[in-house]
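**Q** Quick one, fold the following:
(one chain, ligands or ions: 1)
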Amino acid sequence: MRHLLEDVLEGYRLSEEEGLFLMKARNRSLFDILAAADRAREERAGPVVSYVRNQNIHITNICKNLCGFCGFGRRAGDKGAYCDDRDAVLEKVSRALGRRVTEICLLSGVNPDFTAETYIELIASVRQAAPGVHIHAFSPDEVNHAASRSGMSTGEVLAAMKHAGLDSLQGTAAEILVDEVRRKICPRKIDSATWIRIIREAHRMGIPTTATIMYGTCEQAEDRIRHLAILREIQDETRGFTELVPLSYVYLNTPLYRNGLAGPGATGREDLLMMAVSRLFLDNFRNIQVSWGKLGEKLSQVALLSGGNDLAGTMFSDDVSVDAGASAADFFDPVLMERICKDIGRPLRQRLTDYTLV
Ligand code: SF4
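**A** Model prediction:
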């Protein structure tokens with residue numbers, strides 16, 4: 001393992017088998033992997049820990065997919081189901097502007113009633129209300145849904161979204177890009193091939209996206225590495241991913257856990273290995289994000305020493321994690337971010353969505 005880690009730091013690209021070998025580390029060799037990932041982070045992204053001032057705006061929790069790992073989605077008519085109208089969305093936008101955000105994320109369930117026109121009008125209204133703010137919105141699954149509801153191609157939907165003011169697409173709905181796993185955890189979502197096709201389309205049209213991995217349900221280490229290999233291949237081709245966002249499964253209020261189909265999520269070892277192996281395996285990604293809403297403040301700090309270089313956004317609202325059972329996932333005050341960064345000798349800097357430092 002020591003030779004392998006030295007080779008990676010010299011620029012050697014890990015094979016899937018080697019990535020898997022690292023992902024399965026169980027004893028104190030774990031610390032060698034974390035330290036190597038920290039050095040790779042230092043070389044590729046420097047010492048700065050960045051964050052973006054952003055706000056999540058949830059439009060609806062009504063969702064056609066009802067994924068097994070999600071505590072947020074509801075059927076129309078279920079207790080707690082909601083769908084905001086234009087005025088309610090604009091009210092949330094105005095609150096976000098009052099908080100001096102540079103990015104607005106539109107996050108929703110995949111409402112069966114939404115058409116391409118709904119998504120395009122939403123983007124256009126937010127663009128008009130917040131002209132200088134970066135709009136980061138919707139997933140490939142929503143693009144596919146909009147296309148099939150409105151009889152358009154996914155390329156046409158993406159072009160119309162971009163024209164309406166979309167700046168970047170969310171790389172969510174990726175979960176684990178292995179169809180056998182998807183059939184268990186999100187059977188109504190698009191399959192892996194469709195996710196990959198829409199992401200490539202977006203990148204080719206000059207719409208950057210994030211890349212995500214949602215791990216800790218019932219997938220194996222092999223599936224995590226396959227997923228990372230797919231992302232690395234797309235990035236070689238398009239350079240359209242801005243960062244990887246590892247999302248640790250929050251289990252408490254989810255059907256998969258309630259029905260005994262998944263355990264209580266990843267362990268601390270798995271969370272840190274996910275971060276570190278991603279850093280070492282994805283040699284063409286500059287940014288690996290630490291998702292504090294999933295990991296909590298203390299493990300997030302260690303993740304910053306295991307390959308992570310970004311603390312995501314202030315968020316001001318994350319109903320998806322809160323509804324699934326994560327505590328304190330709503331807002332991370334930059335003052336507290338500063339505290340954990342200072343404690344490990346790293347500078348904290350505000351950034352824009354494209355990682356330009358403010
Ligand atoms: S993860 Fe997204 S698509 Fe799946 S049920 Fe939740 S809101 Fe719907």
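
**Q** End to end on stretch 177-196, go ahead and measure it.
**A** Across stretch 177-196, the terminal residues are separated by 9 Å (CA to CA, to the nearest Å).

**Q** Oh, that last question was meant for stretch 217-226, not what I typed.
**A** From its first residue to its last, stretch 217-226 covers 16 Å (CA to CA).

**Q** buried set for that stretch?
**A** 217-219, 221, 223-226 (16 or more other CB atoms under 10 Å). Using the backbone N, CA and C atoms, a C-beta is placed for each residue, glycine as well.

**Q** Next: stretch 25-36.
**A** 25, 30, 32-34, 36.

**Q** same check, this time on stretch 341-354
**A** Within stretch 341-354, the residues that count as buried by 16+ other CB under 10 Å are 341, 346, 348, 351, 353.

**Q** Out of those, flag the one nearest to the ligand.
**A** Thr353 (21.1 Å; CB to the nearest ligand atom).

**Q** Out of the buried residues of stretch 25-36, list just those in helices.
**A** 30, 32-34, 36 (DSSP state H).

**Q** Distance to the ligand added to those residues, as TSV?
**A** Output for those, formatted as TSV (distance: CB to the nearest ligand atom, whole Å):
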residue	distance to the ligand
Leu30	30
Asp32	35
Ile33	30
Leu34	30
Ala36	33
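
**Q** in stretch 176-185, what counts as buried?
**A** Within stretch 176-185, the residues that qualify as buried are 176-178, 181-182, 184-185, counting by 16+ other CB under 10 Å.

**Q** give me the residue from the stretch 101-250 of the chain nearest the ligand.
**A** Gly109 (4.0 Å).

**Q** and Thr210, how many neighbours does it have?
**A** Neighbour count of Thr210, defined by other CB atoms under 10 Å: 21.

**Q** Before we move on, what's the pLDDT of it?
**A** With respect to pLDDT, Thr210 scores 98.

**Q** Pull the contacting residues for it.
**A** Applying CB atoms under 8 Å, 6 or more residues apart in numbering to Thr210 gives the contacts 136, 168, 170-172, 241-245, 289.

**Q** Can you add secondary structure and give these back as JSON lines?
**A** Output for the contacts of Thr210, formatted as JSON lines (DSSP: H, G, I helix; E, B strand; the rest coil):
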{"residue": "His136", "secondary structure": "strand"}
{"residue": "Ser168", "secondary structure": "strand"}
{"residue": "Gln170", "secondary structure": "coil"}
{"residue": "Gly171", "secondary structure": "coil"}
{"residue": "Thr172", "secondary structure": "coil"}
{"residue": "Phe241", "secondary structure": "strand"}
{"residue": "Thr242", "secondary structure": "strand"}
{"residue": "Glu243", "secondary structure": "strand"}
{"residue": "Leu244", "secondary structure": "strand"}
{"residue": "Val245", "secondary structure": "strand"}
{"residue": "Gln289", "secondary structure": "strand"}
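
**Q** Which among those count as buried?
**A** By 16+ other CB under 10 Å, those give 136, 168, 170-172, 241-245, 289 as buried.

**Q** Now render those residues as TSV, adding pLDDT and distance to Phe331.
**A** Shown next, in TSV, are the buried ones among the contacts of Thr210 (pLDDT from 0 to 100; distance: CB to CB, whole Å):
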residue	pLDDT	distance to Phe331
His136	98	18
Ser168	98	22
Gln170	98	20
Gly171	98	23
Thr172	97	20
Phe241	98	26
Thr242	98	22
Glu243	98	21
Leu244	98	23
Val245	98	18
Gln289	98	17
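
**Q** So what does Leu106 look like in phi/psi?
**A** phi -100, psi 120 (degrees, to the nearest 10).

**Q** cool, and Ile196?
**A** Dihedral angles for Ile196 - degrees, to the nearest 10 - are phi -60, psi -40.

**Q** now Thr212
**A** phi -130, psi 160.

**Q** For it, name its beta-bridge partners.
**A** Here Thr212 sits in beta bridges with Val245, going by DSSP bridges.

**Q** sorry, back to before: what count of nearby residues applies to the closest residue to the residue of the stretch 101-250 of the chain closest to the ligand other than its chain neighbours?
**A** Excluding the flanking residues, the one nearest Gly109 by CB to CB, 6 or more residues apart in numbering is Cys63, at 2.9 Å. Using other CB under 10 Å, Cys63 is surrounded by 20 other residues.

**Q** follow-up on the earlier one: the buried residues of stretch 341-354 in helices, which ones?
**A** Taking DSSP H, the ones among these that sit in helices are Cys341.

**Q** among the buried residues of stretch 341-354, which are in strands?
**A** Members of the buried residues of stretch 341-354 lying in strands (criterion: DSSP state E): 348, 351.

**Q** Can I get the buried residues of stretch 25-36 in CSV including pLDDT?
**A** As requested, the buried residues of stretch 25-36 are exported to CSV (pLDDT from 0 to 100):
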residue, pLDDT
Ala25, 97
Leu30, 97
Asp32, 98
Ile33, 98
Leu34, 98
Ala36, 98
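
**Q** Between those residues, which sits nearest Tyr82?
**A** Nearest to Tyr82 out of these is Leu34 (CB to CB; 41.6 Å).

**Q** Please pull out the lowest mean pLDDT helix or strand from the chain.
**A** None of the helices or strands of the chain scores lower by mean pLDDT, DSSP states H and E than helix 319-324, at a mean of 74.

**Q** quick one: is that one near the ligand?
**A** No: using CB under 6 Å from any ligand atom, helix 319-324 never reaches the ligand; the gap is at least 6.7 Å.
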